[in-house]
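Participant: when you get a sec, could you give me coordinates for this:
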Amino acid sequence: MLLVVAFVLVAGAPPARAIAPRVDGGPFRIDQSTVGRAPLGRTAEFYRTAYASQSIRILGDGGFDRLLFDDWHLEVLFRPGGTTAVGVITWGARVTTGLGVGPCSLATTLIRAHGPRLERVAQGKSLSAYRLGRLVFVTDLGGYVRAVGLLAPGVSIVPVLTAPVCGSASVG
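Facilitator: The predicted structure is shown next:
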């Protein structure tokens with residue numbers, strides 16, 4: 001199945017806030033091994049159970065099989081025919097690192113919080129991407145973090161670059 005994703009960016013306008021559910025009374029956390037309840041390397045059944053979502057879609061796109069949890073603002077990537085996840089992407093505003101950076105954060109907050117540890121891995125006319133270990137942060141011309149991905153070593157950053165923009169309901 002081919003999925004075409006189009007994004008419309010309005011420079012300078014803050015994104016609407018896509019709100020991911022809270023867990024245990026607090027926000028989800030992003031770190032080098034998990035996004036919320038989603039560590040890398042688990043099976044599709046694990047994610048289905050962990051998220052108990054009423055809105056799960058399965059897509060094949062861009063060289064990956066994808067589980068999308070629309071109500072959680074979360075996407076899990078698998079290699080075609082693979083049984084364990086190689087990427088987890090979020091565009092939910094309540095999902096943040098320990099230093100408070102996540103989708104919908106200001107790009108300047110990302111730079112200030114993680115500064116010299118960030119490596120710019122993509123630079124285009126409308127997007128930039130920064131790697132921090134296994135994490136990839138995508139920023140836009142409006143000065144906001146659009147999405148954050150946790151990727152296994154060797155996995156392309158393209159799915160994070162094409163992920164829904166913070167504030168979007170989902171893809172597809």
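
Participant: low-confidence ranges, this protein, go.
Facilitator: Across the chain, the stretches falling below the confidence threshold (pLDDT under 70) are 1-27, 53-62, 169-172.

Participant: residue 163: neighbouring residues, count only.
Facilitator: Burial measure for residue 163: 25 neighbouring residues, criterion other C-beta atoms under 10 Å. The way it works is simple: take the backbone N, C-alpha and C, and place the C-beta from them, glycine included.

Participant: my bad, residue 141
Facilitator: Counted with other C-beta under 10 Å, residues neighbouring residue 141 total 15.

Participant: that one touches residue 126, doesn't it?
Facilitator: Yes - under the criterion of C-beta atoms under 8 Å, residue 141 lies in contact with residue 126, with a separation of 5.3 Å.

Participant: buried ones in stretch 133-142?
Facilitator: Of the residues in stretch 133-142, those buried under the neighbour-count criterion (16 or more other C-beta atoms under 10 Å) are 134, 135, 136, 137, 138, 139, 140, 142.

Participant: how about stretch 140-152?
Facilitator: Within stretch 140-152, the residues that qualify as buried are 140, 142, 144, 145, 146, 147, 148, 149, 150, 151, counting by 16+ other C-beta under 10 Å.

Participant: check stretch 92-106 too.
Facilitator: Buried residues in stretch 92-106, counting neighbours by 16+ other C-beta under 10 Å, are found at 92, 93, 94, 95, 96, 97, 101, 102, 103, 104, 105.

Participant: mind exporting it as PDB, just the C-alpha atoms?
Facilitator: Taking Å, rounded to 0.1, in the frame of the first residue of the first chain, the C-alpha atoms of stretch 92-106 are listed here in PDB:
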ATOM      1  CA  GLY A  92       2.100  14.100  20.800                       C
ATOM      2  CA  ALA A  93       2.800  17.200  22.800                       C
ATOM      3  CA  ARG A  94       2.900  15.600  26.200                       C
ATOM      4  CA  VAL A  95       5.700  13.200  25.200                       C
ATOM      5  CA  THR A  96       9.000  14.800  26.400                       C
ATOM      6  CA  THR A  97      12.500  14.000  27.300                       C
ATOM      7  CA  GLY A  98      13.600  14.400  30.900                       C
ATOM      8  CA  LEU A  99      14.600  18.000  30.000                       C
ATOM      9  CA  GLY A 100      11.100  18.800  28.700                       C
ATOM     10  CA  VAL A 101      11.700  18.600  25.000                       C
ATOM     11  CA  GLY A 102       9.300  16.900  22.600                       C
ATOM     12  CA  PRO A 103       6.900  17.500  19.800                       C
ATOM     13  CA  CYS A 104       5.500  21.100  19.900                       C
ATOM     14  CA  SER A 105       8.500  22.300  21.900                       C
ATOM     15  CA  LEU A 106      10.300  25.300  20.600                       C
END
